[in-house]
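Colleague: Show me the folded form of this:
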Amino acid sequence: MPRYRRSADVLSAEVGDDVVALQAVRGFAYGMEGVTAAVWQQLEAPVSLDQIVTALGDEYEVEAEQCRGEVVDLIHQFVGEGLVEEVA
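Modeller: Take a look at the predicted model:
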């Protein structure tokens, strides 16, 4: 099962409940809030999609199937932007 973590070249900081991330190589800044910020926080150490979905299920009232679909989409977006990498 693949696990994901933040890319080493991404700098991030929490601003209240929100997160600001800078993808240094590409020079892009990203603002994250709510569930997106919660997912980002889960990615501090290598984590599986199942672990992220379980953590979000504990925090938010959402159906596991819907949550998983949205987490998969978000992780793929993060990977595409160079914010997150897959680890073995």
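Colleague: Determine the three-state secondary structure at V25.
Modeller: With DSSP: H, G, I helix; E, B strand; the rest coil as the basis, V25 sits in coil.
Colleague: doesn't L11 make contact with it?
Modeller: No: using Cβ atoms under 8 Å, V25 is not in contact with L11, being 11.0 Å away. For the C-beta atoms, the positions are set from N, CA and C on the backbone; glycine is no exception.
Colleague: Output the contacting helices and strands for the top helix by length along the chain.
Modeller: Longest helix in the chain, counting residues (DSSP state H): helix 64-80. Contacts defined by 3 or more Cβ pairs under 8 Å, 6 or more residues apart in numbering; DSSP states H and E place helix 64-80 against strand 3-6, helix 34-42, helix 49-59, strand 84-87.
Colleague: go with 7 Å
Modeller: Judged by 3 or more Cβ pairs under 7 Å, 6 or more residues apart in numbering; DSSP states H and E, the packing partners of helix 64-80 are helix 34-42, helix 49-59, strand 84-87.
Colleague: What strands flank the last one, and is each parallel or antiparallel?
Modeller: To tie it back to what came earlier, the one meant is strand 84-87. Using DSSP bridges, the strands paired with strand 84-87 are strand 3-6 (antiparallel).
Colleague: which is the next helix or strand following the strand it pairs with?
Modeller: Later in the chain than strand 3-6, the nearest helix or strand by DSSP states H and E is strand 10-15.
Colleague: what does that next one contact?
Modeller: Outside of strand 10-15, the residues within contact range by Cβ atoms under 7 Å, 6 or more residues apart in numbering are V19, V20, A21, L22, Q23, A24, W40, L83.
Colleague: Run the chain-centre distance for it.
Modeller: 12 Å (Cα atoms, centre = their mean, to the nearest Å).
Colleague: Give me the mean pLDDT for that strand.
Modeller: Averaged over strand 10-15, pLDDT sits at 95.
Colleague: in it, what's buried?
Modeller: Residues of strand 10-15 classed as buried by neighbour count (16 or more other Cβ atoms under 10 Å): V10, S12.
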